[in-house]
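K.L.:
Next comes the sequence, and after it the predicted model I'd like to discuss.
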Amino acid sequence: MEFSKELDARGLNCPLPILRAKKALGEVESGQVLKILSTDPGSVKDFAAFAKQTGNELLSTAEAGGEFTFFMKKK
């Protein structure tokens, strides 16, 4: 999937991945996609809730070897 910016939040625990994603989304234009990498298992629920609360679109969530990849489109 194409993305405009990548955020490496691996090794960070809640709420840091969400806080960093919020900041990174502020640096991209509406309609652009942010790729987020995380190792926090709680981030799956966190990013789903974050998307609902902010109106940003969570395009996909994937997990491989304990690493989570999210693609979020800025509203």
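P.N.:
Alright, I've got the coordinates.
K.L.:
rest of the way, CA atoms for contacts and neighbours
P.N.:
OK.
K.L.:
What distance do you get for the most centrally placed residue in the chain to Asp46?
P.N.:
In the chain, the residue lying closest to the centroid (C-alpha atoms, centre = their mean) is Ile36, at 4.2 Å. With the distance defined as C-alpha to C-alpha, to the nearest Å, Ile36 ends up 12 Å from Asp46.
K.L.:
so the residue nearest to the centre of the chain sits in a strand?
P.N.:
Yes - with the criterion set as DSSP: H, G, I helix; E, B strand; the rest coil, the secondary structure at Ile36 is a strand.
K.L.:
Tell me which stretches of this protein form helices.
P.N.:
Assigned by DSSP state H, the helices in the chain fall at 16-25, 43-54.
K.L.:
In JSON lines, list those helices along with mean pLDDT and mean neighbour count.
P.N.:
Output for those, formatted as JSON lines (pLDDT from 0 to 100; neighbours: other C-alpha atoms under 10 Å):
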{"stretch": "helix 16-25", "mean pLDDT": "98", "mean neighbour count": "17"}
{"stretch": "helix 43-54", "mean pLDDT": "97", "mean neighbour count": "15"}
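K.L.:
Would you mind putting those helices into TSV with distance to Met72 alongside?
P.N.:
Converted to TSV, those look like this (distance: least, C-alpha to C-alpha, whole Å):
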stretch	distance to Met72
helix 16-25	9
helix 43-54	8
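K.L.:
Quick check: the gap between Lys52 and Gly11.
P.N.:
Lys52 is 24 Å from Gly11, by C-alpha to C-alpha.
K.L.:
in the sheet, who's paired with Gln72?
P.N.:
Rather than Gln, residue 72 is Met. As for beta bridges, Met72 partners with Leu34, Leu58 under DSSP bridges.
K.L.:
Make sure it is actually in contact with Lys35.
P.N.:
Yes - between Met72 and Lys35 there is a contact under C-alpha atoms under 8 Å: 6.5 Å.
K.L.:
Could you check which of those two has the larger neighbour count?
P.N.:
Shown here are Met72 and Lys35; by other C-alpha atoms under 10 Å, Met72 has more neighbours (24 against 21).
K.L.:
Sounds good, over and out.
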